[in-house]
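pasting the sequence and the predicted model now:
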Amino acid sequence: MKKFKSSSERKTRRIGRFIAKKLRKGDIVCLNGPLGAGKTLLTKAIAGYFGINENIIKSPTYTYLRLYTAYNGIKIYHYDLYRIEVLDDYMKDQINEYFSLKDTISLIEWPQKIMEIIPQKIINIEIELLNAKKRYIKIHGL
Ligand SMILES: Nc1ncnc2c1ncn2[C@@H]1O[C@H](COP(=O)(O)OP(=O)(O)OP(=O)(O)O)[C@@H](O)[C@H]1O
Ligand SMILES: [Mg+2]
């Protein structure tokens, strides 16, 4: 486990790049933390490291998933499951299929919504909000 303290958006971005450097195809990253913790910001920093223009990264509003293709064939699947209330079988099958894709890195906001299908071997990130600027960021399994 690694634990960082972030006192700025800039520091959180740096932590995002630190995470990104260690990611490999097939990895599943769960981003845990309350509203406004910085899950999407970490997603932007990670996607940015893989050459994706982070300005196009925003939380999926009408869908729970957005896909981005990076320069070296890696695909980033960004989930925001905040609005998911019921996980139906169709969605379960769909997501399980995405998880098995070999060229894909999955970044998941609000993973607890699909806890029952999250694989065992994941990278788990927990963001604790201390105040408007300060965060603790714990990383397991990287
Ligand atoms: N140290 C910090 N790390 C990350 N974000 C910070 C920090 N300090 C301030 N912020 C601000 O907190 C906000 C984090 O927003 P972000 O959308 O990344 O959160 P989120 O966890 O994705 O929230 P949501 O659950 O609503 O999707 C941004 O506006 C960012 O500028
Ligand atoms: Mg978000």
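It's in. Ligands and ions are numbered 1, 2, ... in the order given.

and the residue most central in space within the chain, helix, strand or coil?
Nearest to the geometric centre of the chain sits L107, at 2.7 Å (CA atoms, centre = their mean). Reducing the assignment at L107 to three states with DSSP: H, G, I helix; E, B strand; the rest coil gives strand.

partner residues bridging it?
L107 has these beta-bridge partners by DSSP bridges: V29, H78.

confidence score at it?
Looking at L107, its pLDDT reads 98.

now it: how far from L67?
Note on L107: its distance to L67, by CB to CB, to the nearest Å, is 11 Å. Using the backbone N, CA and C atoms, a C-beta is placed for each residue, glycine as well.

any common contacting residues for these two?
The contact sets of L107 and L67 overlap at I76, Y77, H78 (CB atoms under 8 Å, 6 or more residues apart in numbering).

check this protein for me, the residue farthest from its geometric middle.
For the chain, the C-alpha lying farthest from the average C-alpha position belongs to D89; by CA atoms, centre = their mean, that distance is 22.6 Å.
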